[in-house]
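Student: What follows is a predicted protein model with its sequence.
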Protein chains: 2
Amino acid sequence: MSRALKLVLKPSGLPLFQQIAEAVIEAIRQGRISRGAKLPGTRALATQLDVHRSTVVAAFKELEDQGWLRSSPASGTFVSSATPALKAAKGQRRAETPGFDFIEVPVDEHEVGREPGVLHFSGAPDVRVMPIDLMARAYRRALTRRRASPPEPLGHEPLRTAVASMLRQERGLDVTTEQVMIVPRGTVAVELVMRALVTAGDTVALEELGHRPLREILERQQVRLAPLAIDEQGLRVDALEALTLSQRVRAVWVTPQCQYPTNVVMSDARRRALLELAQKQRLAVVESDYLHDFHYGDENHLPLVTDDHTSQVIYLGSLARVLAPDVQLGYVVAAPAFLRVLAQLRQRADRHDEFATQLAVAELMEDGEYQRALRRSRQVYLRRRDLLAQALRQRLGDVLTFDLPGSGTALWTRVTPRIDVEHWAVRARERKVQFRTALHFAHDRNSRPFIRLGFTQLDEKELVTAVDRLAQALR
Amino acid sequence: MSRALKLVLKPSGLPLFQQIAEAVIEAIRQGRISRGAKLPGTRALATQLDVHRSTVVAAFKELEDQGWLRSSPASGTFVSSATPALKAAKGQRRAETPGFDFIEVPVDEHEVGREPGVLHFSGAPDVRVMPIDLMARAYRRALTRRRASPPEPLGHEPLRTAVASMLRQERGLDVTTEQVMIVPRGTVAVELVMRALVTAGDTVALEELGHRPLREILERQQVRLAPLAIDEQGLRVDALEALTLSQRVRAVWVTPQCQYPTNVVMSDARRRALLELAQKQRLAVVESDYLHDFHYGDENHLPLVTDDHTSQVIYLGSLARVLAPDVQLGYVVAAPAFLRVLAQLRQRADRHDEFATQLAVAELMEDGEYQRALRRSRQVYLRRRDLLAQALRQRLGDVLTFDLPGSGTALWTRVTPRIDVEHWAVRARERKVQFRTALHFAHDRNSRPFIRLGFTQLDEKELVTAVDRLAQALR
């Protein structure tokens, strides 16, 4: 008898009406209520389950929409005679272990161990500083306005224009809209540029310390990496020149404005030497300047691309994480002929363009809101930088030495040789504080007595606590 | 004299106040107004430029914020003595042609030629049918609610739970939250799964006609593709078996619910044979079911993964383009041990997680809004399918033959041998109508006398016009 139907709700994160719908389906599948049978009234079920009647009504509505139930105003609600997916496999679960072989990937403890309560000396911008609601409203307007629009392989034109204007105004770059391409994320720019420049087996030179995802991307493309030394003037261009004498180098990756992760600014002499060498060897120079927005004083140097009259340089920048953490847009500045190739490559395997995000960011750049948000966050980060420096000098002055960086989001600090930095990092994690050692950034996979302490992610109180834990982890 | 300053505005898509700011910077750079000099009053400049005074005030405010100007209430506005980026390269432009070598990519005419006014027989869902504002509001709530949250490498848990519930309710899959991983786009799932399964030189079998981005991704991973014949029962499992006898096959890609692009539903016998073979050979079966949401009648078959007790199958689905075109989320259903490897691979090169989108979609799935949007769009697409079929029979009945598909977003139509389909496609583009021929989907790069006509992108009136142009292009 269907009137005796007992529903068993499985507690889950789902709304109650969905749990009830699932329980009804389960009962139908198990044959506890048969096709064509009449269901108990919503009032009776509500009493049985101790829920509001409207919740049962919502569950029935859902099941009707899915085709499990049909109802008639006069006679009640019935199980459909043709219920969907009735043949669902019952009982026999799938094996826990896959029935095929796959690669093993070593777990990166440093990346996964972010339990709550752990303070992370990350150099990522702080979501609490971003004008989230501004972005949220702009995004809503953008989505609503979007409608059918022809694809724009180089990105939304008004955004490209706004970026070109920003580069002209704030970075002294002589750039037009045609020379700007928008990409959904910085890593997409890296992938596309490298795919356009190199094939498997080619050599790419890069600074010996750098962005780990860059290494992953290049290794996936089976490129030979040639890590080059950096000193207090930046990349050792003489080392690059020596390399080019022994083999064909297709491209060199540099971060001259603020070397990642060491914050070194490349000297004028090195810049000139690099451009000259590139021109002589037809070498592509990929200049990544994605931290440009985070500078705290007068800028003494314009990007390399400014003095690049032979178009050796491909300039990469970022619009990420100023407005909201989900905005990850990046851009590429290069000769239009090269951008067209990137657009072609892009279109072949992934056509998603984050179009509404582009519309929203364009609007906020045109209104100057983006620039205002940036200036506000710079003020916050400047205070945090100084506070962290002060706290480190007070608590760990005998252990750490560092220069105050004029830009970037982290301090790069030398650790006294009597301390093993890798061991310190492990002890620190036990104390609920996390930082990265030089090893994380080392393309040659060698350890060095340096650690990176980001100052943008934690607020002033958290920074003090985090330094405290750092010190405790040394005892 | 600064009072004689003439500003030259360059017309662009930028707001007027930004154009004025750029003109002032240009004047400073060119030395037409020197450091420390006083600027004309906002009223005088407004008259000169024939704009509202508040626009000039906004431009000055922007320039002050950027550090170009400083103002004092008593004495007026002056050029800063330390202006940013003053050294900007002037005059000498960068070369149009890059100073390095890069690959050439043949332009895919079919992909780029979407000028306005061209009707495209695309099988992509129609933005006009999506509940954009619903998504926009949910996204705004999600962004605002987001704040600092610990990373979730497998995706936002409530969304994983909602997807598992949907798969249990609507597709008869016995799936728990732990077996679901969310990915930002379908192509990300393909890349990760393939990277976990194969290395360069390995063989992957796939249906001879299929998704072109899949081929691009596999070729980039330097995998050997083995396209297998399909017939009216789906993939020829005997051909797969023969292949496995001659070499080690690591994985097979199938679309059993609705073969892409032919709409063939795999027969029960073939399904059984495929699972048996996979089990015997420890073959990974990648079942792509991303069109599942678009079915128009009773489903006769449950996904392959339902009968998969040895965990041979990796099931790929999509949450894309039901709510808004910018929602491209996909999901992977597999054994948790395998999902952990995918999450590790993901995290190494790209940590962007589209978190706010995940929050928003989770909310809309929990509320049943996602499901309602889907049902509404299915009704629209069903009408369009029938209308297109009718129009084709009337206008091109002597040329085209096709079955009405029970799911999917396009008709797969055989073309009479007396017509050259590639030539027809070219003629059609001249008539401002676009479609894809079998060649686009052919992993073996051979032409076949079939074309694919999507019925979801165009509305009923547009479909009639498009069929009309198709017929004209044959004359």
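Tutor: Structure's in. What do you need?

Student: Can you pull the residues of the stretch 351-475 of chain A lying near chain B?
Tutor: Counting by Cβ under 8 Å from any Cβ of the partner chain, the positions of the stretch 351-475 of chain A adjacent to chain B are A:351-352, A:354-357, A:366-368, A:371-372, A:375. The way it works is simple: take the backbone N, C-alpha and C, and place the C-beta from them, glycine included.

Student: hang on, residue A:14 packs against residue B:160?
Tutor: No: taking contacts as Cβ atoms under 8 Å, residue A:14 lies outside contact range of residue B:160: 11.6 Å.

Student: So the two - more neighbours on which side?
Tutor: Neighbour totals were compared for residue A:14 and residue B:160, and residue B:160 leads with 25 against 20 (other Cβ atoms under 10 Å in any protein chain shown).

Student: Not counting its neighbours along the chain, what's nearest the more buried one?
Tutor: The shortest distance from residue B:160 to any non-neighbouring residue, by Cβ to Cβ, 6 or more residues apart in numbering or on different chains, is to residue B:180 (4.3 Å).

Student: And the helices in the stretch 151-300 of chain A, which stretches?
Tutor: With DSSP state H, counting those that start in this stretch, the ranges of helices along the stretch 151-300 of chain A come out as A:157-171, A:186-197, A:212-220, A:237-246, A:268-281.

Student: now the stretch 101-250 of chain A, which segments are flagged as low pLDDT?
Tutor: Where the stretch 101-250 of chain A drops to pLDDT under 70, the residues are A:107-115, A:146-150.

Student: Find the closest residue to chain B in it.
Tutor: Residue nearest to chain B within the stretch 101-250 of chain A (Cβ to the nearest Cβ): residue A:172, separated by 3.1 Å.

Student: Identify the residues contacting stretch A:6-25?
Tutor: Applying Cβ atoms under 8 Å, 6 or more residues apart in numbering or on different chains, the contact partners of stretch A:6-25 are A:26-27, A:32-33, A:39, A:45, A:48-49, A:51, A:55-56, A:58-59, A:62-63, A:66, A:68-69, B:157-158, B:161-162, B:165, B:168-169, B:366-368.

Student: and it, what's its mean pLDDT?
Tutor: What stretch A:6-25 shows for mean pLDDT is 83.

Student: rewinding a little: buried only: go through the contacts of stretch A:6-25 for me.
Tutor: A:26-27, A:32-33, A:39, A:45, A:49, A:51, A:55-56, A:58-59, A:62-63, A:66, A:68-69, B:157-158, B:161-162, B:165, B:168-169, B:366-368 (16 or more other Cβ atoms under 10 Å in any protein chain shown).

Student: Narrow those residues to those in helices?
Tutor: Of the buried ones among the contacts of stretch A:6-25, the ones assigned to helices by DSSP state H are A:26-27, A:45, A:49, A:55-56, A:58-59, A:62-63, A:66, B:157-158, B:161-162, B:165, B:168-169, B:366.

Student: can you map out the helices along the stretch 301-450 of chain A?
Tutor: In the stretch 301-450 of chain A, the helices defined using DSSP H, counting those that start in this stretch lie at A:336-349, A:355-366, A:369-396, A:421-430, A:438-441.

Student: angle of the first one against helix A:186-197?
Tutor: Read it as helix A:336-349. On the basis of axes from the mean of the first three to the mean of the last three Cα atoms, to 10 degrees, helix A:336-349 is oriented at 110 degrees to helix A:186-197.

Student: May I see the buried residues of helix A:336-349?
Tutor: Applying 16+ other Cβ under 10 Å to helix A:336-349 flags A:336, A:338-349 as buried.

Student: where's the dip in pLDDT among those residues?
Tutor: Lowest confidence among these: residue A:349, with 66.

Student: Who does the nearest residue to residue A:253 once chain neighbours are set aside form a beta bridge with?
Tutor: Distances taken as Cβ to Cβ, 6+ apart put residue A:206 closest to residue A:253, at 4.0 Å, once the chain neighbours are dropped. For residue A:206, the beta-bridge partners are residue A:227, residue A:253 (DSSP bridges).

Student: Surely residue A:206 and residue A:441 touch.
Tutor: No: using Cβ under 8 Å, residue A:206 is not in contact with residue A:441; the gap is 11.2 Å.

Student: more neighbours, those two?
Tutor: Taking neighbours as other Cβ under 10 Å, residue A:206 and residue A:441 compare with residue A:206 leading, 25 against 21.

Student: Tell me who's in contact with that one.
Tutor: By Cβ under 8 Å, 6+ apart, the residues touching residue A:206 are A:214, A:218, A:225-228, A:252-254, A:443.

Student: Residue A:119 reaches residue A:462, doesn't it?
Tutor: Yes: using Cβ under 8 Å, residue A:119 is in contact with residue A:462, at 5.6 Å.
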